[in-house]
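Participant: sequence and predicted model, in that order:
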Amino acid sequence: MSGIPYKLDGLDGDNEVRAKFVSFYATEAIAKGEVVAIDTATSTNGLGNHVKKAESDQAGYAIGLGIAAEAIASGDAGQIQVSGVCTFAILLDENDDAGNLLGVSATGGQLTAMAAATQLPVAVMLSEGTAATADTTVYLLNNHNL
């Protein structure tokens with residue numbers, strides 16, 4: 001390049017933070033900041049086009065896709081952030097450190113530090129917020145390669 005400034009797809013323009021969002025239909029009501037997984041049991045709008053709250057002890061929904069960027073009513077389409085810095089993730093508790101790998105917890109829609117590599121991580125903790133509140137900053141890993 002010739003030294004001319006340019007923006008990569010996904011940079012927000014204000015903070016120069018890379019982020020990517022994808023639209024999905026919600027199978028259930030989803031709050032802003034909840035981690036979601038692909039709902040493979042619902043095909044109303046096409047197989048693989050639906051999400052529900054991710055939950056580690058629920059078979060098939062333990063692999064987080066991303067974080068809901070807005071509240072989404074059941075049956076509606078909404079934005080899911082799948083990569084980059086996310087400032088509105090919901091964390092299960094307040095006992096995690098920056099740099100921890102975060103995975104899906106047993107509490108639907110909430111992230112928690114992974115004690116061992118027993119599942120696929122969803123994000124890396126950047127700054128811990130308040131438990132059960134959409135204010136934790138994480139770096140989403142985009143493990144679904146969207």
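Facilitator: Right, received. Where do you want to start?
Participant: what's in contact with the helix or strand residue 22 falls within?
Facilitator: Take DSSP states H and E as the rule and residue 22 turns out to sit in strand 19-26. Residues outside strand 19-26 that contact it (Cβ atoms under 8 Å, 6 or more residues apart in numbering) are 9-12, 36, 38, 42, 44-45, 49-52, 65-66, 69, 72-86, 142, 146. Just so you know, the C-beta spots here come from the backbone N, C-alpha and C atoms, and that holds for glycine as well.
Participant: ditto for stretch 27-36
Facilitator: Outside stretch 27-36, the residues that touch it by Cβ under 8 Å, 6+ apart are 24, 39, 42, 50-54, 64-74, 78, 80, 88-90, 104, 108-111, 122, 133-135.
Participant: count of residues packed around the nearest residue to residue 48 once chain neighbours are set aside?
Facilitator: With Cβ to Cβ, 6 or more residues apart in numbering as the criterion, residue 48 has its nearest non-adjacent residue at 6.0 Å, and that residue is residue 38. Burial of residue 38 is recorded as 21 neighbouring residues (other Cβ atoms under 10 Å).
Participant: just give me the neighbour total for residue 45.
Facilitator: Residue 45 has 12 neighbouring residues, counting by other Cβ under 10 Å.
Participant: chain center to the longest strand belonging to the chain: distance?
Facilitator: Longest strand of the chain, by residue count under DSSP state E: strand 77-90. On the basis of Cα atoms, centre = their mean, to the nearest Å, strand 77-90 sits 5 Å off its chain's mean C-alpha point.
Participant: show me where pLDDT drops low in the chain?
Facilitator: 1-17, 116-118 (pLDDT under 70).
Participant: how about the residue nearest to residue 91 when sequence neighbours are not counted, what does it touch?
Facilitator: Computed as Cβ to Cβ, 6+ apart, the closest residue to residue 91 that is not its neighbour in sequence is residue 136, at 4.3 Å. Counting by Cβ under 8 Å, 6+ apart, residue 136 touches 88-91, 111, 125, 127-130.
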